[in-house]
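Novice: One predicted model, sequence on top.
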Amino acid sequence: MSRGIMSFSLWRSAGWRLPRGGGLSLSMEQGKRPQRTCVMASAASAREEEASSTSRHEQQKIDVSSGGGPQLPDLSSQPSTSSEKETLFLDSFRKNVGICVLDENTGMVFAARRCDDNTGAWQMPQGGIDKNEDPAVAALRELEEETGISPESVEIVGEVEDWLTYEFPTSVRTKIARRSKKIVFRGQTQKWFLLRFTGEDASIDLAARGEEHREFSEWCWMPLAEISRQVVHFKMQVYERVCEEFTPLITERMR
């Protein structure tokens, strides 16, 4: 019995391509087909060749979160997964809250540096909204988790009506995947709140949940306009909008 055995190079015939953003996609180039080589073989030889082909295929698998090879899939409207850790890369945005804490004694707001950031950037507290959780409740919860500031030490005095959205750069999505996260979003869409701080600086504790869960390495009071210039580049547009919305409210409260 004769049978046709297809042999081809993944990189040239199957058309591996790197799209914009560093992702990895597999597609056939239009109009091109892998060349076929037909051989005569016994049933036993065919089975041996099939087993060998399967072995080669298994060796060619890529784990997107292992650090070897390309790191991210193409950002299409359909989610894609890594073959090993089953990381799901979504083309949607995670719901999040942003928290601007105002010290009415100085007119400045709370700013902090992330423990995992080596760029020297500053930012305000933020965090994810749990399922069916009210955004205002999420803001108070996240603030206490990240800074030790209790809900009794703040009062919500304003919010941005719109949800503000930013996208993660490819390098950030890769970083998130390497932390063994099972779901990696395209970015975050945030509801921002302005809170008046009524407590004491001594009550602020960046390690309130323990060092292993610490979000920030240091903090200070800083003018809101300055934070919008010191934040990482992909959040800058959101911070500029927050500054535009909250500056009049802060000015009014300082009179």
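Specialist: Structure received.
Novice: Any idea what the closest residue to residue 222 other than its chain neighbours is bridged to?
Specialist: In this structure, residue 222 finds its nearest non-sequential neighbour in residue 111, 4.1 Å apart by C-beta to C-beta, 6 or more residues apart in numbering. Yep, even glycine has a C-beta here, placed from its N, CA and C like the rest. When bridges are called by DSSP bridges, residue 111 pairs up with residue 220.
Novice: tell me the contacts of residue 111?
Specialist: Neighbouring residues of residue 111 by C-beta atoms under 8 Å, 6 or more residues apart in numbering: 122, 123, 124, 219, 220, 221, 222, 227, 230.
Novice: Tell me the spatial nearest neighbour of the second one, not counting adjacent residues.
Specialist: Of all residues beyond its chain neighbours, the one nearest residue 123 is residue 231 (5.2 Å), with distances taken as C-beta to C-beta, 6+ apart.
Novice: same check, this time on residue 145
Specialist: By the measure of C-beta to C-beta, 6+ apart, the closest residue to residue 145 outside its immediate chain neighbours is residue 209, 5.8 Å from it.
Novice: now that neighbour, what's its secondary structure?
Specialist: coil (DSSP: H, G, I helix; E, B strand; the rest coil).
Novice: so it makes contact with residue 142?
Specialist: No. Between residue 209 and residue 142 there is no contact, the gap being 11.3 Å when judged by C-beta atoms under 8 Å.
Novice: So which of these two has more stuff around it?
Specialist: residue 142 (21 against 14; other C-beta atoms under 10 Å).
Novice: Quick one: residues contacting the more buried one.
Specialist: Counting by C-beta under 8 Å, 6+ apart, residue 142 touches 97, 99, 125, 126, 127, 128.
Novice: Show the buried residues in those residues.
Specialist: For the contacts of residue 142, burial is judged from neighbour counts taken by 16 or more other C-beta atoms under 10 Å, and it is met by 97, 99, 125, 126, 127.
Novice: Excluding covalently adjacent residues, which one is nearest to residue 214?
Specialist: If you skip the residues right next to it in sequence, residue 214 has residue 207 as its closest partner in space, 5.1 Å away by C-beta to C-beta, 6+ apart.
Novice: Kindly report the same for residue 128.
Specialist: residue 96 (5.6 Å).
Novice: and that neighbour, that's in a helix?
Specialist: No. When three-state DSSP is applied, residue 96 is found to be strand, with no helix at that position.
Novice: Next, residue 249: secondary structure please.
Specialist: State at residue 249, reduced to three classes by three-state DSSP: helix.
Novice: What distance do you get for the closest residue in space to it that isn't next to it in sequence to residue 106?
Specialist: Of all residues beyond its chain neighbours, the one nearest residue 249 is residue 158 (4.6 Å), with distances taken as C-beta to C-beta, 6+ apart. Note on residue 158: its distance to residue 106, by C-beta to C-beta, to the nearest Å, is 18 Å.
Novice: Enumerate every residue touching residue 236.
Specialist: 228, 229.
Novice: buried ones in the helix or strand where it lies?
Specialist: Element membership of residue 236 [criterion: DSSP states H and E] is helix 236-253. The neighbour-count check on helix 236-253 (16+ other C-beta under 10 Å) flags 238, 239, 242, 243, 245, 246, 250 as buried.
Novice: The stretch 151-255 of the chain: strands as residue ranges?
Specialist: Taking DSSP state E, counting those that start in this stretch as the test, the strands found in the stretch 151-255 of the chain are 154-159, 164-167, 183-184, 187-197, 216-222.
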